[in-house]
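In: next comes the sequence, and after it the predicted model I'd like to discuss.
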Amino acid sequence: MKFTLLGATGQIGSQITQSLIGLGHEVRAVSRSLESLESITSKGAEPFVSHLDDSQKLTEAFTGVDGAFTLIPPDLSAPNVREFMRQTSQAQTTAIRNSGINRVAILSSIGAHIPDNDSHISGHYEHEQRLATLTDVNLHIFRPDYFMENVLFSAGTIQNMNFWSSPIKADLPLNMTATKDIAANVVSALTKKQEPGVKELLGYESITCLEATSIMAEVLNRPELKYIESSYEDTKNAIIQYRGASENYTDDLINMYKAYNDGILIPEHLRSKERTTPTSFREFAESSLAFLKN
C-alpha cells in the first residue's frame, strides 16, 4: 500500500513514516522543502515538496495513494494563527475532495468539540466541521491531549537548574499522551480495517505536573527537581524570546493554557479502554528523558 504523509518530518509524522516503511508500505512524504526530507528519503520515502495550504499541489500529492495523514502544524511566525489554520484547513479539505482519496487520518486536538475558545483549539473545531462536509471518504480523526514531549521544552532548565515550568496548575490532572502512541493509532487507522470517526487519545493515565515531577526526580536521579508554575506573562515573554514566536501565536498559546487551568479544555468523553494509550509517563521519562540523568 502507498500513503501520503503531511508533516512527514515532524514529531509525529516522522514516527508514522518510519513505521509504515518498516511494515513494507510506500510513503510519499510531503514537506515545504526538499532539504528537510533528506533524512527520510534516504530510508525509501518518495519526496514531495508542497506547502500545506496549497490545494493544487496537495490534490496531486493525495492522488493515486491508498490513504493519507494530514494535520495543521503550528506556525510560530504566523501573524494570525486562526487565519493560517483556516487557509490550511480549506486547502487540505479541497485537496481531499478533489483527489478522490478514500481514507484519511487527521491529527486534531483535545477540545476540538469546543466552538468558541480564544485559541487554536477552536481552529481545530472549524477544521473538523469543514471535514464533515466531505462525502465518500473514511475520516479517522484523532484528538490527543497534552503531549508528554512538551516537557522537553524545559530540558535546559532540568539539566542545569533542576526545575521545569509551565503555566499549568501544579495539581491539575492532565491526560499526558506520548507522541509514539499517537503515531501508532494513525498507522493502525491507515493500514487496518477500522471504523472511521473521532477518537480521543487520553494517555495512559491522568497525571499532575507535581506527580510527573516526582517521577522524573526518581528516574533521572534528581531528587531536588521542582516544578514551577510560571505566570502567563513570564511564559509569554519566554516563548517570544527563546522560540521566536509571533505575538499572536503566543497569545493563542497562553489562551490554551488558560483554558486548561479554567477547566474548559477537557475531553468530550470520559476515559475508556479505547481512549487510553499504552505509554505511561514513567516509561516516557525512562526512554525519552534518559539524556537528562544526573
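Out: Noted; the coordinates are in hand.
In: helices and strands of this structure: which one bottoms out on pLDDT?
Out: helix 38-41 (a mean of 89; mean pLDDT, DSSP states H and E).
In: the strands in this protein, which residues?
Out: Shown for the chain, the strands assigned by DSSP state E span residues 2-6, 26-31, 46-49, 67-71, 103-107, 138-144, 163-166, 197-201, 226-229.
In: make CSV out of those and add mean neighbour count, distance to residue 268 and mean pLDDT.
Out: (C-beta placed from N, C-alpha, C; glycine too.) What follows is these, written out as CSV (neighbours: other CB atoms under 10 Å; distance: least, CB to CB, whole Å; pLDDT from 0 to 100):
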stretch, mean neighbour count, distance to residue 268, mean pLDDT
strand 2-6, 25, 24, 98
strand 26-31, 24, 29, 96
strand 46-49, 18, 34, 96
strand 67-71, 26, 19, 98
strand 103-107, 24, 16, 99
strand 138-144, 22, 8, 98
strand 163-166, 20, 24, 97
strand 197-201, 19, 7, 98
strand 226-229, 18, 27, 98
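In: picking up where we left off before, give me the distance between the least confident helix or strand of the chain and the centre of its chain.
Out: 21 Å (CA atoms, centre = their mean, to the nearest Å).
In: contact partners for the residue nearest to residue 183 when sequence neighbours are not counted?
Out: Closest residue in space to residue 183, ignoring its immediate chain neighbours: residue 15 at 3.8 Å, by CB to CB, 6 or more residues apart in numbering. By CB atoms under 8 Å, 6 or more residues apart in numbering, the contact list for residue 15 reads 179-180, 183.
In: can you tell me which of those is nearest residue 65?
Out: residue 183 (18.2 Å; CB to CB).
In: neighbours of that closest one, how many?
Out: 23 (other CB atoms under 10 Å).
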